[in-house]
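Asker: Got a predicted structure here, sequence first:
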Amino acid sequence: MVSKTSRNWHLQIHPALWAYRTSIRTPTGATPYSLVFGTESIIPLEIELPSLRISLRDYLDKDEDYRVARLAELELLDERRIRALNPLKVYQHRISRNYNKRIITRQFEV
């Protein structure tokens with residue numbers, strides 16, 4: 001992705017950021033995109049071949065059923081974010097414990 005010359009970095013930044021947003025993180029077990037928007041990301045290739053999810057979303061009108069379905073999705077998103085916090089806390093505790101093992105305390109006389 002990175003070349004010796006940095007002339008075309010503006011062409012490579014979009015795929016790099018897309019890869020960052022759609023790759024699964026170890027602490028949360030989910031992608032940043034899915035934690036924010038509640039669904040897995042749709043890669044550009046999937047847009048050309050419509051999936052069932054895209055077809056259903058286009059089919060639904062802005063009526064009461066759509067609102068109820070959307071609220072249910074948002075509630076599931078909140079639950080998913082809360083579930084992602086527990087592994088994140090365990091991961092951060094493990095990282096801090098390993099980091100603190102290597103810390104050497106020193107006292108200086110003034």
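Answerer: Yep, it's here.
Asker: Show me where this structure dips below the pLDDT cut-off.
Answerer: Applying pLDDT under 70 to the chain flags residues 1-5, 41-64.
Asker: Relative to the whole chain's centre, how far out is stretch 87-95?
Answerer: 17 Å (Cα atoms, centre = their mean, to the nearest Å).
Asker: Name the surrounding residues that touch it.
Answerer: Outside stretch 87-95, the residues that touch it by Cβ atoms under 8 Å, 6 or more residues apart in numbering are 26-29. Yep, even glycine has a C-beta here, placed from its N, CA and C like the rest.
Asker: Return the distance of the most centrally placed residue in the chain relative to N8.
Answerer: By Cα atoms, centre = their mean, the chain has its centre lying nearest to P32, at 1.0 Å. The gap separating P32 from N8 is 26 Å, by Cβ to Cβ, to the nearest Å.
Asker: returning to that earlier point: most neighbours among the contacts of stretch 87-95, please name it.
Answerer: T28 (19 neighbours; other Cβ atoms under 10 Å).
Asker: Give me the spatial nearest neighbour of that residue, chain neighbours excluded.
Answerer: Leaving out its chain neighbours, the residue that sits closest to T28 by Cβ to Cβ, 6 or more residues apart in numbering is A84, at 4.0 Å.
Asker: Report the contact partners of that neighbour.
Answerer: A84 makes contact with 28-30, 35, according to Cβ under 8 Å, 6+ apart.
Asker: And those residues, which two are furthest apart?
Answerer: Greatest spacing in those, by Cβ to Cβ: G29 and L35 (10.0 Å).
Asker: follow-up on the earlier one: so for the residue nearest to the centre of the chain, what's the nearest residue that isn't a sequence neighbour?
Answerer: Nearest one to P32, counting by Cβ to Cβ, 6+ apart, is R21 at 5.4 Å.
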